[in-house]
Every structure is written in structure tokens, then in C-alpha cells.
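# Need coordinates for the below:
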Amino acid sequence: MKRQLCLMAALAGGAMPAPALAQSQTTLYGNIDQYIGYIRSSSGASITGLNDGAILRSRLGVRGGEDLGGGYQFRFTLEQGFATDSGVMADSSRLFDRQAWIGLAGPYGEWRIGRQNTEIFTAGGAIDYTERTTFGSLFNTFGIPSRYDNDLYYKSPRLQGAQLTLHYALPENTSKSDNGPVVQAMLDWQGKLWRAGYAGLAARPDGATATVHKRIVYHNVYLNYQYSQGKVYLALGRSNNTTASANGLNTAAILSNVSSPNNYFAGTDPHAARYYNLAQVSADYRLGPQLRVGALYGVLHDTSGGGASARGLNVGGYYDLSRRTQLYSFASRLSNERNAGFRFSGSAGPSANLAGTDVNGQKLTGLQIGIVHKF
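As a prediction, this is how the structure comes out:
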């Protein structure tokens, strides 16, 4: 009887489904990015500061998953931003302000739910040689919709080089008002030398409060060509997601770029009727195994004819001290028309920046020298 019981137990153990034998893995990761930034205005004002995040906002994260068998995996990411110059959290109201999601990946694509980065944000490496994060990138200057709460996500497998990604971020406003979700779509194609794609976003205002019944939109198309020593980038965009604040005429977004509060906007800002066309060309060149240099030029065109356009350029370089540690330096120029008030931004907004009359209608010069370490 004892032998039979042991044999039955062994057979039962051998017949356990694959998920019971699955392996899980959790990884702690992050980066530290700190730089000295100098900004000078044609008004005569200037400022120098130690800032966080010229190219990568400093962050600490945990990601992991579990092999469920049959080609399926459970995945999750929890990520918090912080400022290395002060040690404070990027958002003191959230434990994980950058990402907090769980998902399932399989043969037919990947599904996620939670707070997630936008496709516009993740496509930065296709926009310009800086990955659209430094002072000089006109797309970064305009503002990038970066992440939203309550986000439902699907990414298809890549077929013939093409991949489709969809997002539907529920508004979940506490009132019963009629504000819509933040919807996104991205179609990306990658070949051996070429990459092309579209990333876009749209959101409807609260129907109960809206006096300006304009959707906030952000459209971005890009084209890259990889040559022997570098890459050429072309990017075009169109959006109405910019407005004024105490810091300047174009220093705020109508729909928050980071989902606050609850993917919601009232629809009362007349600037929603003003659309900007963005165009930027960029290229980089690898001078050696450790050194890469690049340059870009771009324009922000106010299609309303209100004299709120801007143009800018940038040159810079990256030097790899190791696989994980990199030095960088950039010089940038931004010229605002008389009714424009765009100002520089890094991956994180500089803690030392100009504002108001030193930005509106002014020409800005910026220098950045910093170091980033990834772990």
C-alpha cells in the first residue's frame, strides 16, 4: 500500500501543469542623470543650475515576470522618478509616478493594464538623435504626452516589420460628466536600414463644462535612415496641446502630459483652437566606438497666424565611459516670435529655468554638460 501511494504521488507530481513549474524573475533597475545647465535670454537674464535628467529622468524601478508556459508570460513594471540634485520624488502624491502596470504577453501580442508610458514617449529614439529629450529638441520644447492612468494597452506581434499598438485610458472622473478617454495608436515599421511610423493621441473635453469644444490631439510621423556611421531623422507633428501659465505664454499643457487628474480637462481654454505644426530634421555620426555627435534644426509653426511660432537648433555629443556610464554635452538655441513663450526642457523640467518676460518673445541659448549612469 505504501509503495502504491508513493507511486501515485510521483505520477501526480509529474502530471502537474506547466504553470506550476514556471520560473519567475524580478529585476531592480534605474538610472541617475545629473547635469549643469546654463540658460541665457536675449532679455539679458541668465541662470545656471544643477539639474536632474537632461536625457533620462532619474528613476528607480522594479520589473519582472513569470513564464506561464505555452508561449505566455506574465509581466509587470513599477517605476518611480526622483531628482538627484535634491533627492525629492518626482511626484510626491504617487509611489510609482512613471509606470505601474501588469500584463500578459503571448503569441498573439501583449496586453497591459495600469499607468503606462505613451507611444509618443516611447518613440523618442525615432524622432531625433537626442531621443527628443534635451534643451534643443523642438518636440521636447513643445511638450510630450508621456503617461496616463487607467490605461488599457495592446501591442501586436511584429509582422513583415510592422507593429500596431493601441491604448485606451479611462477618464474615471469622480463626477458623471461626459469627458472622454485618452486614446492612442501607433503603427511602426522597421526594416534593415529604414524605420517609419505614426504615433498619435486624442482626448475629448468634459461635455458638462466645455465652452471650447475642441479635442486635444497630438500627431507625430517619423522617418529614419541608418547609414554606415550614423542615422538621419525626419519628424513631423501637429498638436493644439499648449497654453500659457505664470511661467510663459507656451509653458503649460491643456491636457496634462502626465495624467493629472484622471486624464481629464475641462474644455475651457481658448488656446485649444490654436494648432501648431512641428517639423524637425536631425542626424548623428559616430566618430569612434565611444563618441557619437549630432545636430538638429526644427520649427514650431503657429497655424493661427498669431505670431506664436518658434525655431531652434542644437549640436551635441555623447561619450561612453563604459557600457553603463556616459558623458554628454549640448549647445542649443531657441528663437520665439513676439507672441510665443516656449522655453527649454530636458527629460525632466530644469529646476533652474527662466520664465515670464525672460521667455516670452525672447531668444534663448542653452548649454548642458552632464553624466548618466544606468543600472
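
# can you give me the helices for the stretch 251-375 of the chain?
For the stretch 251-375 of the chain, no helices are identified by DSSP state H, counting those that start in this stretch.

# where do the strands sit along it?
Using DSSP state E, counting those that start in this stretch, the strands found in the stretch 251-375 of the chain span residues 276-286, 291-302, 310-320, 325-336, 363-374.

# What ranges in the protein fall below the confidence cut-off?
1-22, 173-178 (pLDDT under 70).

# Geometric centre of it: which residue is closest?
residue 121 (2.6 Å; Cα atoms, centre = their mean).

# do you know how far that residue is from residue 159?
Residue 121 sits at a distance of 24 Å from residue 159 (criterion: Cβ to Cβ, to the nearest Å). Any C-beta I mention is one placed from the backbone N, CA and C, and that applies to glycine too.

# same question, residue 309
40 Å.

# who's more crowded, those two?
residue 309 (21 against 8; other Cβ atoms under 10 Å).

# if we can go back for a sec, would you mind saying which of the strands of the stretch 251-375 of the chain lies nearest residue 92?
Closest approach to residue 92 among those (Cβ to Cβ): strand 363-374, 23.7 Å.

# Which residues are in contact with the residue nearest to the residue nearest to the centre of the chain when sequence neighbours are not counted?
With sequence-adjacent residues excluded and distances taken as Cβ to Cβ, 6 or more residues apart in numbering, residue 121 is closest to residue 146, at 4.6 Å. Applying Cβ atoms under 8 Å, 6 or more residues apart in numbering, we find residue 146 in contact with 117-118, 120-121, 257-258.

# same check, this time on residue 328
Per Cβ under 8 Å, 6+ apart, neighbours of residue 328: 35, 54-55, 316-319, 368-372.

# Tell me which stretches of the stretch 101-250 of the chain form helices.
Going by DSSP H, counting those that start in this stretch, the stretch 101-250 of the chain shows helices at 119-122, 138-142.

# So which of these is the most surrounded?
helix 138-142 (a mean of 25; mean count of other Cβ atoms under 10 Å).

# Show me what it packs onto, helices and strands only.
Helices and strands touching helix 138-142, as assessed by 3 or more Cβ pairs under 8 Å, 6 or more residues apart in numbering; DSSP states H and E, comprise strand 230-239, strand 276-286, strand 291-302, strand 310-320.

# List the buried residues for the first one?
In terms of neighbour count (16 or more other Cβ atoms under 10 Å), strand 230-239 has its buried residues at 230-231, 233-235, 237-239.

# now that strand against strand 276-286, angle please.
170 degrees (axes from the mean of the first three to the mean of the last three Cα atoms, to 10 degrees).
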